[in-house]
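Undergrad: My questions are about this predicted structure, shown below with the sequence.
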Amino acid sequence: MDKYEYREKTEQIMKYVQTKSYDKAKEIAETIDWKRVKNASMLCTVSEIYEYTGEYQKSREILFIAYDRSPGSRKIVYRLGTLALRLGETEEALDCYEEERLGKNSFGSTKSGIAPFYGDKFQKIGLQLCQLYYPDVLREKLAHALDIKNAMIVNLYHREPVDLEALIVKLTELAERIRPYVADTDAYMMQAVREGKKILLERPASAIWDVRVLSDTHTCEVFLNGGEQVCSFYFQP
């Protein structure tokens, strides 16, 4: 697509946006490769078109491209947080809202929810994978976590709270999608040891393994950074 065809199509898009004909605007938007577009303002407009037509994931993808073009835009960060909440991605929303709140003092987050995830871990309000398959436990854990999260969302970031029931539905659906990949990993690994299979241990970047061999119990224990035990194996004497 040359620049003249691109200009013609974007002008048509803007005319449809002005008349709120978002479905027609989206039809034209689908014919353009937005990854090649450098105009952050136009990308934001296209993101809004997808948002108005209910395609929140596509809207967010376009908005991330806009953020790459204009990384200092607090407006884009705010909208990324709003879209994350609409998609049920609470941690990503909190990540974006904190970046937007910090403004020029922001620490350059990836907007992918990593910082809030580790915060949940240290606050001990995160979910374990197995808890997705116990409805009563899932509801109890989520209700407790949302008491904390919603207090931040409403009082610190001045946004609408996350709905517990909607989040339960989302996570229950997700649990069924990943069920084929969920297993008792202790039993799985021990079976692999008994069968003499090779086991590859991968450590996080900048982490240090501390391997301790206990000859009296014939076990090998692996610790991360000298603290948290990662796993242990029994070996034949």
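TA: Everything's here; your move. What you see is a predicted model, and the numbers here were worked out from it, not measured in a lab. Residues are numbered from 1 along each chain as shown.
Undergrad: Tally up the residues packed near Ser70, please.
TA: 15 (other C-beta atoms under 10 Å). Bear in mind the C-beta positions are built from the backbone N, C-alpha and C, glycine included.
Undergrad: wait, doesn't it sit right on Arg79?
TA: No. Judged on C-beta atoms under 8 Å, Ser70 makes no contact with Arg79 at a distance of 12.0 Å.
Undergrad: just the strands in this protein please.
TA: With DSSP state E as the criterion, the chain has strands at 209-214, 219-224, 228-234.
Undergrad: what about the helices in this protein?
TA: Here the chain has its helices, by DSSP state H, at 3-18, 22-29, 40-52, 56-69, 74-86, 90-102, 114-123, 135-155, 164-178, 185-194.
Undergrad: can you redo those helices as TSV with mean pLDDT?
TA: Below are the helices of the chain laid out as TSV (pLDDT from 0 to 100):
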stretch	mean pLDDT
helix 3-18	92
helix 22-29	94
helix 40-52	95
helix 56-69	93
helix 74-86	88
helix 90-102	84
helix 114-123	82
helix 135-155	93
helix 164-178	92
helix 185-194	83
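Undergrad: Got the confidence number for the spatially most central residue of the chain?
TA: Most central in the chain under C-alpha atoms, centre = their mean is Ser112, positioned 4.7 Å from the mean C-alpha point. Reported pLDDT at Ser112 in the predicted model: 76.
Undergrad: Contact partners for it?
TA: For Ser112, the contact set (C-beta atoms under 8 Å, 6 or more residues apart in numbering) comprises 92, 95.
Undergrad: Check Gln191 too.
TA: With C-beta under 8 Å, 6+ apart, Gln191 has no contacts at all.
Undergrad: Please repeat the previous calculation with a cut-off of 10 Å.
TA: 184, 197 (C-beta atoms under 10 Å, 6 or more residues apart in numbering).
Undergrad: Repeat that for Gln57.
TA: Shown in contact with Gln57 (C-beta under 10 Å, 6+ apart): 50, 83, 86-87, 89.
Undergrad: Any figure for the gap between Tyr118 and Arg194?
TA: 35 Å (C-beta to C-beta, to the nearest Å).
Undergrad: Looking at the two, which one has more neighbours?
TA: Tyr118 (12 against 9).
Undergrad: Quick check: the more buried one touching Ile125?
TA: No. Using C-beta atoms under 10 Å as the test, Tyr118 is too far from Ile125 to be in contact (11.8 Å).
Undergrad: And for Met42, the neighbour number?
TA: Neighbours around Met42, by other C-beta under 10 Å: 19.
Undergrad: so what's it closest to, chain neighbours aside?
TA: In space, and not counting its chain neighbours, Met42 is closest to Thr10: 6.1 Å by C-beta to C-beta, 6 or more residues apart in numbering.
Undergrad: What of Glu89?
TA: Gly113 (6.6 Å).
Undergrad: Same check on Glu51?
TA: Ser59 (4.1 Å).
Undergrad: can you pull the contacts of the one you found?
TA: 46-53, 79-80, 82-83, 86-87.
Undergrad: sorry, back to before: find the residues that touch each one of Ser70 and Arg79.
TA: Contacts common to Ser70 and Arg79, judged by C-beta under 10 Å, 6+ apart, are Cys44.
Undergrad: circling back: mind listing what the residue nearest to Glu89 touches?
TA: So Gly113 contacts 84, 89-96, 119-120 (C-beta under 10 Å, 6+ apart).
Undergrad: what's the burial count for Asp33?
TA: So Asp33, with other C-beta under 10 Å, has 8 neighbours.
Undergrad: Quote the end-to-end distance of stretch 62-82.
TA: For stretch 62-82, the separation between the terminal residues is 14 Å (C-alpha to C-alpha, to the nearest Å).
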